[in-house]
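J.: pasting the sequence and the predicted coordinates here, then a few questions.
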Amino acid sequence: MDFHIPTAMQLTATMTMIIGLALAFTITGYPRFLQYPMRLWVRGLLIQPFSYALFSLRGQIPDWLSIIVANTLLSISFVHLVLALYVYNRKPAKLPLMIAIVAMTFIGETLLTYVWPSLYGRICLMSLLLALMCGLGIKAIYQRVEVITRPEHLVAIMLLVGGLIMLARILRVPDVGMLSLTASTAMQGIVFTYASLLPVIATSGFLLMCGERLNKHLTQLATLDPLTGVYNRRTMTELASKAVAASKRHGGALSLLIIDIDHFKRINDQFGHEAGDLALCRFVELVGEVLRESDVFARLGGEEFVVILPDSDERAAIEIAERIRQRLADSDFSVSGWQVPLRVSIGVGMLGPAISDLETLLRMTDHAMYEAKRNGRNRVVPVSAMHSQSALDFGTRESPQ
């Protein structure tokens with residue numbers, strides 16, 4: 001029984017259109033950062049059926065529609081799918097190359113239809129361009145440092161198979177009995193079987209990719225402060241508890257900094273809360289330049305932050321705190337052209353015989369930070385340097401403005 005190519009084209013067009021429309025209805029439920037690549041993918045799916053529909057009408061409609069327009073639409077469709085992968089992986093889209101591929105499709109198909117008519121030439125041109133786009137899609141997936149997920153491998157495999165089929169289509173000696181694209185041959189059967197499977201399998205893989213990215217995003221929201229990108233208080237408590245346990249188990253030093261931005265309320269009052277948010281982000285950026293990879297940086301709330309310093313005694317922690325204080329004091333942060341000084345008060349605490357648990361370490365380091373406030377701000381105060389009993393009072397304290 002022959003593989004009826006026009007029927008296969010119509011079925012592929014129908015199935016691709018249904019998948020594209022179904023996906024279009026689900027996009028709004030995803031976060032904005034995923035909606036753009038998904039829109040590109042949907043556009044590619046929704047353009048593709050028109051191409052296959054025109055292919056299936058070869059001989060019943062003018063050649064400029066069933067050959068030139070159909071192949072150009074197919075090229076545009078694949079360009080959208082490849083661009084979706086680049087955008088998803090936050091890679092710069094190769095727009096000039098993509099535009100060149102579409103232009104080559106249009107010009108090449110026109111010349112090989114009306115100037116130098118050649119069915120095999122048209123097949124070779126489109127197969128080469130489609131193989132090229134499959135290769136670009138694979139490159140978009142693997143050209144990054146993060147771990148590649150299984151759904152990404154699935155999409156890459158589908159593109160690899162497609163590229164190999166297209167290359168085999170070029171290398172295979174043309175069948176002299178193949179008078180038109182819709183003639184039933186073994187290679188055409190393979191090509192259109194793949195074309196019918198691609199929208200289903202590749203789109204399923206792309207949706208799984210988006211699902212994994214969404215889960216990763218939700219995990220980050222649960223562990224990170226949404227404004228500054230450092231750990232939130234809950235995550236800090238978990239990581240600090242593990243650090244304390246490891247310090248006790250292995251006998252290593254563990255210190256902690258509590259940092260509060262001086263006069264932060266003035267920034268909000270004078271320049272607005274947006275300026276305050278910018279100041280917090282700049283603060284985090286500057287502090288991050290001083291810290292080591294092993295240090296844990298978290299936001300306790302408002303303008304108060306904590307840094308956990310594994311394998312650091314009090315002396316080393318004071319040195320780090322002083323570098324942070326100086327780095328911020330020397331910064332050139334400005335709002336609307338106005339210089340805004342970033343000054344901080346820092347308390348330094350260390351785990352030891354007198355401070356043997358996380359709660360006490362946090363509380364006493366917090367008192368040290370407020371002692372720095374009381375002594376004039378823009379300074380570092382270690383717990384060991386506090387002499388007054390009031391500074392060590394664990395009761396209620398009044399926060400200086």
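T.: Received it, and whenever you're ready, just let me know what you need.
J.: run through the residues that contact Ile346.
T.: Ile346 sits next to 257-260, 321, 324-325, 369, 372, 379-381 when contact means C-beta atoms under 8 Å, 6 or more residues apart in numbering. (C-beta placed from N, C-alpha, C; glycine too.)
J.: out of the helices and strands in this structure, which is least certain?
T.: Among the helical and strand segments of the chain, the one scoring lowest on mean pLDDT, DSSP states H and E is helix 5-26, with a mean of 76.
J.: okay, buried residues for the next helix-or-strand element following that one please.
T.: Using DSSP states H and E, the helix or strand that directly follows helix 5-26 along the chain is helix 32-56. Neighbour counts using 16 or more other C-beta atoms under 10 Å place 34, 37-56 of helix 32-56 among the buried residues.
J.: and what of stretch 304-313?
T.: Buried residues in stretch 304-313, defined by neighbour count with 16+ other C-beta under 10 Å: 304-312.
J.: contacts for it, please.
T.: Stretch 304-313 is touched from outside by 230, 236, 239-240, 243, 246-247, 252-260, 283-284, 287, 291, 294-300, 316-317, 320, 350, 362, with contacts defined as C-beta under 8 Å, 6+ apart.
J.: filter these down to the ones in strands?
T.: Members of those lying in strands (criterion: DSSP state E): 254-260, 296-300, 350.
J.: same list (those) but as a markdown table, adding neighbour count, pLDDT and distance to Ser66.
T.: Listed next are the ones in strands among the contacts of stretch 304-313 as a markdown table, based on neighbours: other C-beta atoms under 10 Å; pLDDT from 0 to 100; distance: C-beta to C-beta, whole Å:
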| residue | neighbour count | pLDDT | distance to Ser66 |
| --- | --- | --- | --- |
| Leu254 | 25 | 93 | 73 |
| Ser255 | 29 | 94 | 74 |
| Leu256 | 28 | 94 | 72 |
| Leu257 | 29 | 95 | 71 |
| Ile258 | 26 | 95 | 72 |
| Ile259 | 25 | 95 | 69 |
| Asp260 | 22 | 94 | 71 |
| Val296 | 19 | 93 | 63 |
| Phe297 | 21 | 94 | 61 |
| Ala298 | 22 | 94 | 62 |
| Arg299 | 23 | 93 | 61 |
| Leu300 | 18 | 90 | 67 |
| Met350 | 25 | 93 | 78 |
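J.: and those residues, which two are furthest apart?
T.: Maximum pairwise distance in the ones in strands among the contacts of stretch 304-313, criterion C-beta to C-beta, is 21.8 Å, between Arg299 and Met350.
J.: longest helix in the protein, please.
T.: Secondary structure of the chain per DSSP state H: the longest helix is helix 186-223.
J.: so for it, what gets flagged as buried?
T.: For helix 186-223, the buried set under the neighbour-count rule, 16+ other C-beta under 10 Å, comprises 188, 191-192, 194-196, 198-199, 202-203, 205-210, 213.
J.: other SSEs contacting that helix?
T.: Contacts of helix 186-223 with other secondary structure elements, assessed using 3 or more C-beta pairs under 8 Å, 6 or more residues apart in numbering; DSSP states H and E, are made with helix 5-26, helix 32-56, helix 70-88, helix 150-171, helix 233-250.
J.: can you say which of those helices is packed in most?
T.: Sort the helices and strands packed on helix 186-223 by mean neighbour count, taking mean count of other C-beta atoms under 10 Å, and helix 70-88 sits at the top with a mean of 24.
J.: angle of that helix against helix 150-171?
T.: Relative orientation of helix 70-88 with respect to helix 150-171: 150 degrees, computed using axes from the mean of the first three to the mean of the last three C-alpha atoms, to 10 degrees.
J.: measure stretch 80-99 end to end?
T.: For stretch 80-99, the separation between the terminal residues is 11 Å (C-alpha to C-alpha, to the nearest Å).
J.: tell me the mean pLDDT for that stretch?
T.: Taken as a whole, stretch 80-99 carries a mean pLDDT of 88.
J.: same thing with stretch 204-216?
T.: Computed over stretch 204-216, the average pLDDT equals 87.
J.: CA atoms of it as PDB?
T.: Listed next in PDB are the C-alpha coordinates belonging to stretch 204-216 (Å, rounded to 0.1, in the frame of the first residue of the first chain):
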ATOM      1  CA  SER A 204       5.800  17.900  24.500                       C
ATOM      2  CA  GLY A 205       9.500  18.200  25.200                       C
ATOM      3  CA  PHE A 206       9.400  22.000  25.000                       C
ATOM      4  CA  LEU A 207       6.400  22.100  27.400                       C
ATOM      5  CA  LEU A 208       8.300  19.900  29.800                       C
ATOM      6  CA  MET A 209      11.300  22.300  29.500                       C
ATOM      7  CA  CYS A 210       9.000  25.200  30.400                       C
ATOM      8  CA  GLY A 211       7.600  23.100  33.300                       C
ATOM      9  CA  GLU A 212      11.000  22.400  34.700                       C
ATOM     10  CA  ARG A 213      12.000  26.100  34.400                       C
ATOM     11  CA  LEU A 214       8.800  27.100  36.200                       C
ATOM     12  CA  ASN A 215       9.500  24.600  39.000                       C
ATOM     13  CA  LYS A 216      13.100  26.000  39.300                       C
END
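J.: thanks a lot, see you next time.
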